[in-house]
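1. Need a 3D model of the sequence below.
(chains A and B)
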Amino acid sequence: MKLPRTLLPYAFIGPAILFLAALLVWPLVQAVVLSLQDVRSVGTTGKWVGLDNYREVLTDGTFWSSTWLSLVWVVTNAVLQTVLALLAALALNQNFPGVRIARTWIVLTWIIPTVVVVMIWRWLFSTSGGIVNPLLIQAGIIDRPVGFFARPNTAFATLVFINSWRWFPFITLMMLAGLTRIPGDLYEAARIDGAGPWKRFSRITWPLLAPTLGVLLVIGTLLSFNVFDIIWLMTSGGPAGGTRTLPVLIYETAFKSYRMSEAAAVAVLATLFLMGFAVVATRWLARPPEAR
Amino acid sequence: MGEVTLRGVRKSFGSTEVIPPLDLSIEPGEFVVFVGPSGCGKSTLLRMIAGLESPSAGTIEIAGRDVTHAEPADRGLAMVFQTYALYPHMTVAQNMAFGLEMAKVPAAERAEAVRKAAEILQITELLDRKPRELSGGQRQRVAIGRAIVRDPVLFLFDEPLSNLDAELRVQMRLEIARLHAGLAATMIYVTHDQIEAMTMADRIVVLRKGVIEQVGRPTELYSDPDNIFVAGFIGSPRMNFLPAAITGQGQEGHVLVDVPRLGLSGLPVPLRDPGVRQMGEVTLGLRPEDFGHPETGDRTVELTAEVVENLGGTAYLYTDAGRDAAIVAEVPRRALPSLGETVSFGLRAADCFLFGPDGKRL
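-> All right, here's what the predicted structure looks like:
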């Protein structure tokens, strides 16, 4: 049998589309269906309630405070990770003895299992036996031990720090790839043109790294929005909901409060936020650099 | 003005010495070409003059000022790179004005300087474009324009034409020569292409393994090379080198030479230094273009045409083609030999060079 020429391309991409549909679209459709029913726990069925769950969620203060926390979480993580990664990438892009070893070892924090990361930092930040408090006291920054996970603000800030510490090496490697793509003779030409270290960074490195940073910002935002493991293992969303970002809220609603359909509604709303962000971001990235 | 003086300049990377101590003086307004094979240290030398590499020892003076430890921007020079090194995110005008901007020259003056340079190089219509929208030749012009704008006392060129196609290379060669005549600035030009060196230079510096083998005007290097390396490097196709033996002393400072491969014996060859007393094994050098009409020379030699390369304007006959010791002779294009044909040439003893076992000219 011979396919008409116009159908041939569809025959090639058809299997991939089906594969993606089975893995991505089907669970999404299931979640949407679930959010329109009244299911309490996994495996049970519930009656059709239309948009009731959404009305419930959107009028609940917890949802909005979690959304706000997620937004702050994403922005603070993006800023901290970008700054840490940029500094590390600029340092690792230099030639100094041991730079190759440093480039290899920087990925260490990224390959340690999350549970181990949590154990290490819990111990470091603990008020009894941890070394962070004594160090801060010695440096004169605080005068008595601080319970980092005892108050919402410090717990949130500490989690931002730990999450950024875990993920910045990944961003560093991507930035390093972007930096090594900038030809060395541009810097030599700039030196002859009289540009000092700051001008070389601001007028050459930064504009040429900007496209890479844009991509990283999008990937980083999507990745950190969905972070659940570190937060749950560290604080379980507490204290007093101070670290209850949307993923934590979804988990709590589904598996602690046994309101599966409401959790599905929150998940669908979170997905819509992210999709909106992804659409805007990818369109922005697709534009030529000077039009951004 | 832009004279350059190198005194005892040496460069080593770790324990590897790439340039042993070296002295060189370049006159103001001179066009000097550093030429040599890859890895001969010519680019390293240029980069030390530019300030992009610091010498391990010695001093560098530009325009009478010791700049050995000065920043590149403080040396009053401009450099054109092999890869052009244009800032990809800036327009042509911004690229050209960048140096002046760094020197805090007012915007109006910058624009005027860019406009003037663009007119000289005929790139005015390109000023608003980005480098990626330009052809290789246009990029090269912009790179040169960026150098001109800074009004330097010294221009440095690091193999600027090697990324261009043959036709464009010839065109840019002429343009750089015209520019040199117009600007009267000192120019140092690095290339591995001896044709560029021969056609552009006031003086050529031939380098090998970081050592200056000879400095001189192009015609001097061609007609009076100091050693076998310079003799082989300057001229295209390269000089033929044939095993020979000095068998005795002739008259007027000549020696008698046997050249078995050409079937010659007792050829009276003049010595550069008639006082030299040398006997035995030597190397005889003879340029392909010095194989003349059989009736014109002192002796006649016969060569068998194994390969004939016809370049249109001229042609070359190869005997023992493809071997290390192939003999190449220029033949008139109107008398192209056929393959396997034996051709007679006239050979003038005065055109022959003799080199001792150490490679030095005798």
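
2. contacts and neighbour counts: CA atoms only from here.
-> Fine.

3. so residue B:270 bridges to which residues?
-> residue B:254 (DSSP bridges).

4. What is the burial count for it?
-> Neighbour count of residue B:270, defined by other C-alpha atoms under 10 Å in any protein chain shown: 21.

5. So it versus chain A, what's the distance?
-> Shown here: residue B:270 relative to chain A, a distance of 50 Å by C-alpha to the nearest C-alpha, to the nearest Å.

6. Return the residues in contact with that residue.
-> For residue B:270, the contact set (C-alpha atoms under 8 Å, 6 or more residues apart in numbering or on different chains) comprises B:252-255, B:349-350.

7. now those residues as TSV including pLDDT and neighbour count?
-> Formatted as TSV, the contacts of residue B:270 follow (pLDDT from 0 to 100; neighbours: other C-alpha atoms under 10 Å in any protein chain shown):
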residue	pLDDT	neighbour count
B:252	80	10
B:253	79	16
B:254	87	19
B:255	90	25
B:349	89	17
B:350	89	14
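
8. Quickly name whichever of those is closest to residue B:84.
-> Using C-alpha to C-alpha, residue B:350 comes nearest to residue B:84 of the contacts of residue B:270, at 45.2 Å.

9. Return the distance of that closest one relative to residue B:273.
-> Going from residue B:350 to residue B:273 by C-alpha to C-alpha, to the nearest Å gives 14 Å.

10. coming back round to it: let me have the contacts of residue B:270 in JSON lines, adding distance to residue B:17 as columns.
-> Shown next, in JSON lines, are those (distance: C-alpha to C-alpha, whole Å):
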{"residue": "B:252", "distance to residue B:17": "44"}
{"residue": "B:253", "distance to residue B:17": "40"}
{"residue": "B:254", "distance to residue B:17": "41"}
{"residue": "B:255", "distance to residue B:17": "40"}
{"residue": "B:349", "distance to residue B:17": "41"}
{"residue": "B:350", "distance to residue B:17": "40"}
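
11. Does residue B:81 touch residue B:159 like I think?
-> Yes. Using C-alpha atoms under 8 Å, residue B:81 is in contact with residue B:159, at 7.0 Å.

12. Just the CA trace of stretch A:187-206, in PDB.
-> Extracted as PDB, the C-alpha positions of stretch A:187-206 are listed here (Å, rounded to 0.1, in the frame of the first residue of the first chain):
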ATOM      1  CA  TYR A 187      38.300  39.500  25.400                       C
ATOM      2  CA  GLU A 188      41.700  40.100  23.900                       C
ATOM      3  CA  ALA A 189      40.200  42.600  21.400                       C
ATOM      4  CA  ALA A 190      38.400  44.300  24.300                       C
ATOM      5  CA  ARG A 191      41.700  44.500  26.300                       C
ATOM      6  CA  ILE A 192      43.300  46.300  23.300                       C
ATOM      7  CA  ASP A 193      40.200  48.500  23.100                       C
ATOM      8  CA  GLY A 194      40.900  49.500  26.700                       C
ATOM      9  CA  ALA A 195      38.100  47.600  28.500                       C
ATOM     10  CA  GLY A 196      38.900  46.700  32.100                       C
ATOM     11  CA  PRO A 197      37.600  43.600  33.900                       C
ATOM     12  CA  TRP A 198      34.200  45.200  34.700                       C
ATOM     13  CA  LYS A 199      33.600  46.600  31.200                       C
ATOM     14  CA  ARG A 200      34.700  43.200  29.800                       C
ATOM     15  CA  PHE A 201      32.000  41.500  31.900                       C
ATOM     16  CA  SER A 202      29.300  44.100  31.400                       C
ATOM     17  CA  ARG A 203      29.800  44.800  27.700                       C
ATOM     18  CA  ILE A 204      30.900  41.300  26.500                       C
ATOM     19  CA  THR A 205      30.200  38.500  28.900                       C
ATOM     20  CA  TRP A 206      26.800  39.600  30.100                       C
END
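
13. Average pLDDT for that stretch, rounded please.
-> Here stretch A:187-206 scores 93 as its mean pLDDT.

14. Buried residues, it. List them.
-> A:187-195, A:200-201, A:203-205 (16 or more other C-alpha atoms under 10 Å in any protein chain shown).

15. check which helix or strand covers residue 10.
-> Here I'm looking at chain A. Assigned by DSSP states H and E, residue A:10 belongs to helix A:8-20.

16. was after chain B, sorry
-> Using DSSP H and E, residue B:10 sits in strand B:4-13.

17. That strand pairs with which strands, and in what direction?
-> Using DSSP bridges, strand B:4-13 pairs in its sheet with strand B:16-26 (antiparallel), strand B:57-62 (antiparallel).

18. I'd like the next helix or strand past the last one.
-> Next along the chain after strand B:57-62, taking DSSP H and E as the criterion, comes strand B:65-66.

19. Rounded mean pLDDT for the helix or strand following that following strand, please.
-> Per DSSP H and E, the first helix or strand lying C-terminal to strand B:65-66 is strand B:77-80. Averaged across strand B:77-80, the pLDDT comes to 92.

20. just checking, what packs against strand B:77-80?
-> Counting contacts by 3 or more C-alpha pairs under 8 Å, 6 or more residues apart in numbering or on different chains; DSSP states H and E, strand B:77-80 packs against helix A:184-192, helix B:136-149, strand B:154-158.

21. Just list the residues touching the closest residue to chain A within the stretch 201-350 of chain B, thanks.
-> Here the residue of the stretch 201-350 of chain B nearest chain A is residue B:210; by C-alpha to the nearest C-alpha that distance is 22.5 Å. Applying C-alpha under 8 Å, 6+ apart, we find residue B:210 in contact with B:18-20, B:40-42.

22. rewinding a little: can you check what angle separates the strand holding residue B:10 from strand B:154-158?
-> 40 degrees (axes from the mean of the first three to the mean of the last three C-alpha atoms, to 10 degrees).

23. quick one: buried residues of strand B:4-13?
-> By 16+ other C-alpha under 10 Å, the buried positions in strand B:4-13 come out as B:4-6, B:8-11.

24. can you list the residues you listed in JSON lines and add pLDDT and distance to residue B:217?
-> Shown next, in JSON lines, are those (pLDDT from 0 to 100; distance: C-alpha to C-alpha, whole Å):
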{"residue": "B:4", "pLDDT": "93", "distance to residue B:217": "17"}
{"residue": "B:5", "pLDDT": "93", "distance to residue B:217": "18"}
{"residue": "B:6", "pLDDT": "93", "distance to residue B:217": "19"}
{"residue": "B:8", "pLDDT": "92", "distance to residue B:217": "23"}
{"residue": "B:9", "pLDDT": "93", "distance to residue B:217": "23"}
{"residue": "B:10", "pLDDT": "93", "distance to residue B:217": "25"}
{"residue": "B:11", "pLDDT": "93", "distance to residue B:217": "26"}
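
25. Just give me the closest of the residues you listed to chain A.
-> residue B:4 (17.3 Å).

26. Quick check: that closest one touching residue B:25?
-> Yes. Look at residue B:4 against residue B:25 with C-alpha under 8 Å: they come within range, at 5.8 Å.

27. which parts of chain B sit against chain A?
-> When proximity is defined as C-alpha under 8 Å from any C-alpha of the partner chain, chain B approaches chain A at B:50, B:52, B:71-74, B:77-79, B:81, B:83, B:85-87, B:89, B:98-100, B:102-103.
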